[in-house]
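S.K.: next one to model:
(one chain, ligands or ions: 3)
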Amino acid sequence: MKNNIVLIGMPGSGKSTVGKILAEKTGLFFVDLDAVIENMAKKSIPQIFSEDGEPAFRDLEQKCVEEVSAQSRQVIATGGGVILREANMKALSQNGLIIFLDRPVSDILGENLSERPLLADDATRIHRLYDERIRLYRRYGKFTVENNSAPEEAAEKILDAIREVTK
Ligand SMILES: Nc1ncnc2c1ncn2[C@@H]1O[C@H](COP(=O)(O)OP(=O)(O)O)[C@@H](O)[C@H]1O
Ligand SMILES: O=C(O)C1=C[C@@H](OP(=O)(O)O)[C@@H](O)[C@H](O)C1
Ligand SMILES: [Mg+2]
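M.R.: Ligands and ions are numbered 1, 2, ... in the order given. Predicted coordinates for the structure are as follows:
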């Protein structure tokens, strides 16, 4: 079996929330890539975007992906844009089972998205982001799990899917 469980999906789709639950259920370490990036940069994600710009954020993100992918026994919650660089997905998939967590965009729009720089000014941009990214989430996800009820249920569905591929 691969050593890590990796969650990909749109911003606000529940990767961090479901990832934590999954880590508790499995006893794996929980790693939130956005938190790793903030630690490395010593500033918040909105600050990195506003002070350094998105390309600098993506470079930092790639560096953190490389570091985290080298470790084992983790549930990794990625940031929604991790799929934009093929190198990220290569590193994550070498030691990890990648799961696309799919949550209805209408549900995501019900969340407070003010800490997400790509959506903070205008949350309806999410429709374009979704159109641009959906093929990448589907391409890289070994399977898709819907986060359309309670987060605990999404975590249970992920565990069921993992049991299927590892039996
Ligand atoms: N199934 C769900 N039901 C209700 N709220 C949810 C669900 N999944 C996620 N959320 C909420 O949506 C928000 C965004 O979730 P988060 O885990 O931060 O997403 P991501 O890490 O994918 O950006 C959080 O406030 C979280 O509590
Ligand atoms: O979709 C994106 O490009 C991003 C998603 C964010 O993470 P979440 O998916 O946890 O919101 C964060 O990495 C950054 O704001 C960029
Ligand atoms: Mg998150």
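
S.K.: any weak-confidence spans in the protein?
M.R.: Residues of the chain that meet the criterion pLDDT under 70 lie in 1.

S.K.: hmm, stretch 147-161 touching ligand 1?
M.R.: Yes - applying Cβ under 6 Å from any ligand atom, one finds stretch 147-161 touching ligand 1 at 147, 150-151, 154. Using the backbone N, CA and C atoms, a C-beta is placed for each residue, glycine as well.

S.K.: no no, stretch 39-47
M.R.: No - looking at stretch 39-47 against ligand 1 by Cβ under 6 Å from any ligand atom, there are no contacts, and the closest approach is 10.5 Å.

S.K.: and that stretch, what's buried?
M.R.: 41, 45 (16 or more other Cβ atoms under 10 Å).

S.K.: output that stretch as CSV, nothing but the C-alphas.
M.R.: Provided in CSV are the C-alpha atoms of stretch 39-47 (Å, rounded to 0.1, in the frame of the first residue of the first chain):
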residue,chain,number,x,y,z
ASN,A,39,5.5,28.1,8.3
MET,A,40,8.1,28.2,5.7
ALA,A,41,7.2,31.7,4.5
LYS,A,42,6.5,32.9,8.1
LYS,A,43,3.4,34.7,6.8
SER,A,44,-0.2,33.9,6.0
ILE,A,45,-1.4,32.7,2.6
PRO,A,46,-3.3,36.0,1.9
GLN,A,47,-0.1,37.8,2.8
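
S.K.: that one close to ligand 2?
M.R.: Yes - judged by Cβ under 6 Å from any ligand atom, stretch 39-47 comes into contact with ligand 2 at I45.

S.K.: hmm, who's touching that stretch?
M.R.: Outside stretch 39-47, the residues within contact range by Cβ atoms under 8 Å, 6 or more residues apart in numbering are 34, 37-38, 48, 51-52, 57, 60, 63-64, 79, 115-117, 120.

S.K.: taking the residues you listed, tell me the two that lie furthest apart.
M.R.: Distances among the contacts of stretch 39-47 were taken as Cβ to Cβ; the most separated pair is K63 and A120, at 24.0 Å.

S.K.: so for the helix or strand I126 falls within, what gets flagged as buried?
M.R.: Per DSSP states H and E: I126 is located in helix 126-140. For helix 126-140, burial by neighbour count (16+ other Cβ under 10 Å) applies to 126, 129, 133, 136-137, 140.
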